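[1] Sequence plus predicted model, see below.
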Amino acid sequence: MENVTAKPTRVTLSRPFSDLLVELSIALHKYMMYPHGHPSLGPAAAAVVRRADRIMEDRATIAFGVARHQLIIEGAATDPKQPVLRRLADALNKHHLGAVSILRDVLPTEVADALRELSGDLNAVVPIGLRPPSALPAWPHIHLHPLTFDGLMLMADGSAIERKSDDENRAVALWLGLARAALTKEAAALDDDSIPTEPAIIARAIEAPGRAEAYDQVIVGYLQQIARELNSPAGAEAAALRRRTGRLIAALNPDTLRRLVDMGGDLNQRRAFVLDATHGMAVDSVVGIVKAAADASGQTISQGLVRMFSKLAMHAEEGSVPERDMASVALREQVERLMTGWDLADPMPAEYGRFLHRVATEAPLVPLPAESEGDATVHDPVRIAQMSLEVGTAGVLLDKAIDRAVEIGRAGDMLELVASAPPESKETADAIMTRLMHPDTIARFIAREPVDFASLDQLLPKLSIDAHRVLLDVLANTDNRRTRRKLLDRLAHARVDVGVLAVERLNDERWFVQRNMLVLLHASGRIPPSFSAAPWTTHSHQHVRYEAIRLQLMIPRERVRALRAALSENDPRFVRVGLAALQNKCPPELLGLVMRVANNPAAPENLRTLAVQVLARSRTPEVLETLLAAVDGGTTLFGRPKLPAPNAFVVAAITALNDSWSTHPRTRTILALAAESEDPDLRAAGRSRM
């Protein structure tokens, strides 16, 4: 085996999805702890909805798969050692769920109902995934997908297998579970007895575009269970399962199989999967899985070794009885030896070896146009560049090869070639990099959709200000939201000062261009000294005003003006930005606007709470009256004063009174009522600080 690459970096979960799963885990934990109707449960469900809504601004669905100790979402697996996320995975797994889907416009009441179902005592209720279809809980915007399916029958080679004990029909259940997971969309409209079980149909369903990755994770789980199941049992059911699994794997294209194996876990998990498959599955299936596992782990198996495996598999399937046994044993022994040395270092330089292997084995990606038959660079521009490095010569032919590579999407191969070039080729390598970083080249590179951001990230630290100007032009004109978002992220951390370039484009009449330039100025922090955000704080479009106010808060001479503008808006987002900026200190001239928010019963509770926290640092009589009004719950039937229903706003107001006005007569009455309250948060807020 040729190990010509370093171990790949494990894909990590993006922050928005991680925050959602953590919030969901915390909410489920609260529903398990507190009784129905507890005041902590409603906010917990609402927090999950807020996290989900932020993600689904540009998507319709969030779906994630459930493994035993981890969750899989957006092609990344959570860390099974992370206690909060592992707790969520364990809870869902105990309910025998394979996937969870959340749709746009999900309501807090739906989340609350789902959490209540999931928090039930499994000693008293049937796990959700084991209930019959008619008893499964259902909501318009939340779907809980069972991992296993009962009541189905498998037709093995044209004859029905009669239902036996659960242990005898384990193979049947696994294959039908795999079929149902693969045919999720189609299966929703079919009776259980009508689910297709033909390997070719299942393979087409797995490869169909637009599938949620959560369902693929369920499929991976079934393949791993099948591999373990076939490791030991014998009989008609196991033989039928082995044949069908072999036909399924043969029908999958290599990219799909590699993707599924890649989703199956880290290097140790893949090794266990391959070894289980080696001892149980058909030998031709073993070869396909080994190749897929090698690709997923960043390994390269030599063509000679692949041919040897294929020949052994052919003899194991088609040879005489002694030949079949010998070939099968030999293949499995060789795979075990291969997996044992899977992570040994290759003595050859990794990058150089990988490139040579690719040049030797890959066909040109783009067919030769008829009108370009005389142009050598069209055949394979990367090979032209390699030869230039070998002979140490640059020139027009190399420039044309670089331009052609960019046009056909092989800039990454050029960068990989330069990175692995020997030291004596430095001059030619520098010439290639200079051509790749030229503004005209960057313009052609970034115009190709989807943009190769992995290659762009290698070029960004060395790009000139003129090349960055090209990137800003694309940011202003592309219709691709994903491209805009990724460009904004990268330009915000650019080595060069992009602030001046952003200001140049603020005169663009398109509101979204102005918004993006303000976002870039804010994220980069590179604001020209003479710049003023005031002209955009009165823009007709609220998105532009919002970003302008956020930016204006970073300019010391305009900070008070920005705060006044934020607190004067009707949109809660603006008010929240202003109140958050006042948490450390509030200018006296803005106290009136803050008190207006605190006194507004129609304002969201979290805004009123923030306003009280700002007011807590001021000791004016007007602030005292505002705080006392916030905790005035009227009187009892006997005329005694009482507190309003406990919430975060009331708790914050009592805390502020206790911290700054504890000796005031009216405050002492409020604190006494809080100290006697049954609510623990109110008691803590009213507790004496002495």
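    Looks like it came in fine.
[2] quick one: contacts for residue 92?
    Applying Cβ atoms under 8 Å, 6 or more residues apart in numbering, we find residue 92 in contact with 66, 71, 100, 118. Using the backbone N, CA and C atoms, a C-beta is placed for each residue, glycine as well.
[3] now, which of those sits nearest residue 455?
    Within those, proximity to residue 455 (Cβ to Cβ) peaks at residue 71, which comes in at 30.8 Å.
[4] Next up, phi/psi of that closest one, please.
    Main-chain dihedrals, residue 71, degrees, to the nearest 10: phi -120, psi 150.
[5] neighbours around it, how many?
    Residue 71 has 27 neighbours, counted by other Cβ atoms under 10 Å.
[6] name the helices or strands packed onto the strand or helix carrying residue 249?
    If you go by DSSP states H and E, residue 249 is part of helix 236-251. Helices and strands touching helix 236-251, by 3 or more Cβ pairs under 8 Å, 6 or more residues apart in numbering; DSSP states H and E, are strand 155-156, helix 170-182, helix 199-207, helix 213-229, helix 283-296.
[7] in that helix, what's buried?
    Residues of helix 236-251 classed as buried by neighbour count (16 or more other Cβ atoms under 10 Å): 237-238, 240-242, 244-251.
[8] again, but for stretch 683-690
    For stretch 683-690, a neighbour-count test (16+ other Cβ under 10 Å) marks 685, 686 as buried.
[9] just stretch 493-501 next, same as before
    494, 496, 498, 499, 501.
[10] contacts for that stretch?
    460-461, 463-465, 468-469, 472, 491, 520-521, 524, 526-528, 531.
[11] again with stretch 533-542
    506, 511, 514-515, 518, 544-545, 547-549, 551-552, 555, 558, 561-562, 565, 571.
[12] Adding distance to residue 58 and secondary structure as columns, could you present the contacts of residue 92 in JSON lines?
    As requested, these are exported to JSON lines (distance: Cβ to Cβ, whole Å; DSSP: H, G, I helix; E, B strand; the rest coil):
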{"residue": "66", "distance to residue 58": "25", "secondary structure": "strand"}
{"residue": "71", "distance to residue 58": "22", "secondary structure": "strand"}
{"residue": "100", "distance to residue 58": "20", "secondary structure": "strand"}
{"residue": "118", "distance to residue 58": "28", "secondary structure": "helix"}
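[13] which of these has the weakest pLDDT?
    Among the contacts of residue 92, residue 66 carries the lowest pLDDT, at 77.
[14] Look up which residues are beta-bridged to it.
    Beta-bridge pairing for residue 66 (DSSP bridges): residue 71.
[15] Is it in contact with residue 96, as I believe?
    No: counting by Cβ atoms under 8 Å, residue 66 stays clear of residue 96, with 9.2 Å between them.
[16] These two: which is more packed in?
    residue 66 (28 against 17).
[17] now the more buried one: how far from residue 129?
    If you measure residue 66 against residue 129 using Cβ to Cβ, to the nearest Å, the figure is 9 Å.
[18] now swap in residue 669 and tell me
    Distance from residue 669 to residue 129, counting by Cβ to Cβ: 55 Å.
[19] Pick out whichever of those two has more residues nearby.
    residue 129 (20 against 14).
[20] confidence score at the nearest residue to the more buried one once chain neighbours are set aside?
    If you skip the residues right next to it in sequence, residue 129 has residue 96 as its closest partner in space, 2.8 Å away by Cβ to Cβ, 6 or more residues apart in numbering. Per-residue confidence (pLDDT) for residue 96: 83.
[21] Going forward, the N-terminal residue is numbered 2.
    All set: I'll call the first residue 2, so the last point we hit is now residue 97.
[22] Residue 97 contacts residue 146, correct?
    No: Residue 97 is beyond contact range of residue 146, at 10.2 Å (criterion: Cβ under 8 Å).
[23] List of residues touching stretch 678-691?
    Counting by Cβ under 8 Å, 6+ apart, 40, 644, 647, 651-652, 655-656, 659-660, 663, 671-677 sit against stretch 678-691.
[24] And the strands in the chain?
    Under the criterion DSSP state E, strands of the chain are mapped to 62-67, 72-74, 77-78, 98-104, 143-147, 156-157, 160-161.
[25] which other helices and strands contact the first one?
    Under the contact criterion of 3+ Cβ pairs under 8 Å, 6+ apart, strand 62-67 touches helix 16-34, strand 72-74, helix 84-95, strand 98-104, helix 214-230.
[26] how close does residue 393 sit to residue 34?
    70 Å.
[27] repeat for residue 621
    41 Å.
[28] do residue 201 as well
    Per Cβ to Cβ, residue 201 is found 49 Å from residue 34.
[29] before we move on, what about residue 394?
    From residue 394 to residue 34 the distance is 72 Å (Cβ to Cβ).
[30] Look at these two and report which has more neighbours.
    The residue with more neighbours, out of residue 394 and residue 34, is residue 394; 14 against 11, by other Cβ under 10 Å.
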